[in-house]
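*Asks:* I would like the atomic coordinates for the input below:
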Amino acid sequence: MYADVHLHDHVAMAEIELYSELLIAVAGADRRLTFEEIDIVLGVRAPVPEQARRCLPGPAAEPHCAG
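*Replies:* I've put the predicted structure just below:
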């Protein structure tokens with residue numbers, strides 16, 4: 001007796017969805033994506049507003065950002 005059962009691998013489907021989102025982002029970019037941009041596309045990190053991004057600590061921070 002054959003049952004028409006549809007099997008779904010939710011983990012595999014989620015991975016395929018993430019991979020396709022990344023491919024779409026790469027196809028739309030005119031350069032290599034940064035690790036931060038990849039994290040944003042994959043939903044690992046929320047986008048940082050441009051003003052706050054300039055004031056983050058690190059080598060790219062601008063000296064006039066004080067509170």
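*Asks:* what's stretch 36-47 in contact with?
*Replies:* For stretch 36-47, the surrounding residues in contact (CB atoms under 8 Å, 6 or more residues apart in numbering) are 18, 21-22, 25, 29, 33. In this view, the C-beta of every residue, glycine as well, is placed from N, C-alpha and C.
*Asks:* I'd like to know how many residues surround E21.
*Replies:* 13 (other CB atoms under 10 Å).
*Asks:* how about the one 3 residues further on?
*Replies:* As a burial measure, the neighbour count of I24 was computed by other CB under 10 Å and equals 11.
*Asks:* same question for V48.
*Replies:* 13.
*Asks:* with F35 instead?
*Replies:* 9.
*Asks:* state the distance from it to P47.
*Replies:* 14 Å (CB to CB, to the nearest Å).
*Asks:* ok so, going back, can I get the contacts of stretch 36-47 in CSV with secondary structure and distance to V41?
*Replies:* Listed next are the contacts of stretch 36-47 as CSV, based on DSSP: H, G, I helix; E, B strand; the rest coil; distance: CB to CB, whole Å:
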residue, secondary structure, distance to V41
L18, helix, 8
E21, helix, 6
L22, helix, 6
A25, helix, 4
A29, coil, 10
L33, coil, 7
